[in-house]
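S.K.: just coords:
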């Protein structure tokens, strides 16, 4: 028991150090990692020791709650309470002083910029999954025929998934880069091609409404690899017999793909697509990093949420946007789970 | 986010197997058309990253005047290559500090949800208690909640605690801008998926092992620590890699809870700031961008097998 008190005191001292220190950053990082990792294991160990001190009868009926307790406590504070609280905040004003009824929701569905963000998000959830899944499916099917180098070919497409949205946005801004006359050479790939063809360079990221497609291209680039890897696994799991039977019957490769492969992996396609729809609904970083969403007409729902909550300090509007986002995700989730169940039953 | 892709993930082969040659009517071999199509797509997919990598090593003056691809025409003109961009990014722009901060955020924010979810998953699998199934369904159901729903209340908790009426339920811990605040937030957001995945794995361990350990007198803590953890390494590794990359690449949580002060900021924030302040300094932006990508890419190339599993399983959170 004394040991627990000593260690607990050491951790609280370490937290004080981390909060106030001006010390060498490397040292701080080392202490932070030790405290973070050590702390979580210490909590479980200490609680288990305390349970051991209980009388024998209650001991084993209390112990399971020591194991699940921290998870439930953290989920209550970080997910359950916030959902309820966000819904309440959405009916209040910017500083949550007064009740404003449905005003924030009226704003969400009437403000010009909000309506644009809803239109744009609708395009994101249609186009990004459609393009990424199509390219991923075609690539998986074709790469399946390689005798050597399939793994390498696939990893090249998958590689962008390791990169952050911020990194990807900067990467693509270089491709779309535009410099007006008098501000230096155009070094962006797109404008260099334009100039090479004898045309005027274009301010790509300001070209409404096409700039939205250029931002979606970034997400397609990042997520095609995911669709490709999952669909490739589904294609490889198809029994060879049904494919061979079709070929013996004289079906062309395209017919095999359309009439046998696609129908058989359809559940997986739906699962991948719904997952990407949810991801596209929540996209924030790309639009936020590229910037000036309002002047370029590239707003999306999740980006507006941060704009109103964090940049403009209007918690009521931010919360209402979050609730709308939440409600938009639920039907997709239900579709996803239902499809998943069907897939399970087929096995 | 949803549980479905996890089922798919189970099928992802550890190493893609090339179809065996000469199996009669088996899978057709790739012809020229197929090979060229694949090659074109691969080149298109590599160009963006290649552009960043090449630009980041070029001298500021040439970066500003010629496209990065022109350097590929004369790759051995030494005067055009430099490491100076990286030096400026790391020292002057503070990316060295940001890199350390990213490590300090990402490592505990990976271990904490795994540890907490591991204990919970063990209890859900191998302990009997009232409300077990209901609690598990609740935990998994929370995967629907988007991150955006949680930001405002948590930020308020961190800065001013919580009260019901005038009664203070949760004190003001002043966690905003601290590492602990970010760790806890990431732990909360990662827990539903981690618990679900680990419950699937730990629940499928053979019951004979657990029961014989019980008969030998081992307590639950010992069984979990000495038996279940070592047996669950594949599942733990897959989730750990996914969670690490998710935290490392995260902008939103760090932006809201850790902030952009030069002492606190992580790599994604530092890059986003640089992108705003030095929008046309491509020699700097590309080297900074590559610093943020270096560790994830190293993880990608060295642990690809686990990486694929972790991502396909975990790509469903948020």
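M.R.: Ah, there it is. What you are looking at is a predicted structure, and each value in this text was computed from that prediction instead of being measured. Residues are numbered from 1 along each chain as shown, chains lettered A, B, ... in the order given.
S.K.: which parts of the helix or strand containing residue A:109 are buried?
M.R.: For residue A:109, the enclosing helix or strand under DSSP states H and E is helix A:103-110. Under the neighbour-count criterion of 16 or more other Cβ atoms under 10 Å in any protein chain shown, helix A:103-110 has A:103, A:104, A:105, A:107, A:108 buried. All C-beta spots, glycine's among them, are computed from the backbone N, C-alpha and C.
S.K.: low-confidence bits of the stretch 51-200 of chain A, can you list those?
M.R.: Within the stretch 51-200 of chain A, not a single segment meets pLDDT under 70.
S.K.: which residue does it bring closest to chain B?
M.R.: residue A:78 (2.6 Å; Cβ to the nearest Cβ).
S.K.: so what's the residue count around that residue?
M.R.: Residue A:78 has 23 neighbours, counted by other Cβ atoms under 10 Å in any protein chain shown.
S.K.: hmm, residue B:186 and it touching each other?
M.R.: No: Residue A:78 is beyond contact range of residue B:186, at 9.4 Å (criterion: Cβ atoms under 8 Å).
S.K.: can I get the buried residues of helix A:103-110 in TSV including distance to chain B?
M.R.: Below are the buried residues of helix A:103-110 laid out as TSV (distance: Cβ to the nearest Cβ, whole Å):
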residue	distance to chain B
A:103	17
A:104	12
A:105	15
A:107	16
A:108	13
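S.K.: the strand or helix carrying residue A:60: which residues count as buried?
M.R.: Per DSSP H and E, residue A:60 falls inside helix A:56-75. For helix A:56-75, a neighbour-count test (16+ other Cβ under 10 Å) marks A:63, A:64, A:65, A:66, A:67, A:68, A:69, A:70, A:71, A:72, A:74, A:75 as buried.
S.K.: what residues does that helix touch?
M.R.: Around helix A:56-75, the neighbours that count as contacts under Cβ atoms under 8 Å, 6 or more residues apart in numbering or on different chains are A:43-44, A:47-48, A:51-52, A:54, B:116-117, B:119-120, B:122-124, B:127-129, B:132, B:135, B:138-139, B:142, B:184, B:187-188, B:191-192, B:195, B:220, B:224.
S.K.: cool, stretch A:191-199 as well?
M.R.: Residues from elsewhere that reach stretch A:191-199 (Cβ under 8 Å, 6+ apart): A:177, A:178, A:186, A:200, A:201, A:202, A:204, B:67.
S.K.: that older thread, out of the contacts of helix A:56-75, which are inside helices?
M.R.: Among those, DSSP state H puts A:43-44, A:47-48, A:51-52, B:116-117, B:119-120, B:122-124, B:132, B:135, B:138-139, B:184, B:187-188, B:191-192, B:195, B:220 in helices.
S.K.: can you select the buried ones from those in ChimeraX?
M.R.: Those of the ones in helices among the contacts of helix A:56-75 that count as buried under 16+ other Cβ under 10 Å are selected in ChimeraX with:
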select /A:43,44,47,48,51 /B:116,117,119,120,122,123,124,135,138,139,184,187,188,191,192,195,220
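S.K.: what angle sits between the strand or helix carrying residue A:138 and helix A:103-110?
M.R.: Using DSSP H and E, residue A:138 falls within helix A:112-143. Inter-element angle recorded for helix A:112-143 and helix A:103-110: 60 degrees (by axes from the mean of the first three to the mean of the last three Cα atoms, to 10 degrees).
S.K.: and helix A:112-143, does that touch chain B?
M.R.: Yes: against chain B, helix A:112-143 shows contacts by Cβ under 8 Å from any Cβ of the partner chain at A:135, A:139, A:142, A:143.
S.K.: just the buried ones from the residues you listed?
M.R.: By 16+ other Cβ under 10 Å, the residues of helix A:112-143 next to chain B give A:135, A:139, A:142, A:143 as buried.
S.K.: ok, now how distant is the second one from residue A:231?
M.R.: As for residue A:139, its distance to residue A:231 is 9 Å (criterion: Cβ to Cβ, to the nearest Å).
S.K.: need the contact list for residue A:105.
M.R.: So, once contact is read as Cβ under 8 Å, 6+ apart, residue A:105 ends up touching A:90, A:320, A:324.
S.K.: which one (most neighbours) among those residues?
M.R.: residue A:320 (29 neighbours).
S.K.: that one: what's it in contact with?
M.R.: Shown in contact with residue A:320 (Cβ under 8 Å, 6+ apart): A:90, A:104, A:105, A:107, A:108.
S.K.: show me where pLDDT drops low in the stretch 201-347 of chain A?
M.R.: Those would be A:341, A:343-347, if you go by pLDDT under 70 across the stretch 201-347 of chain A.
S.K.: which SSE is the residue nearest the centre of chain A in?
M.R.: The centroid of chain A falls nearest to residue A:279 when counting by Cα atoms, centre = their mean (4.7 Å). For residue A:279, the host element (DSSP H and E) is helix A:262-281.
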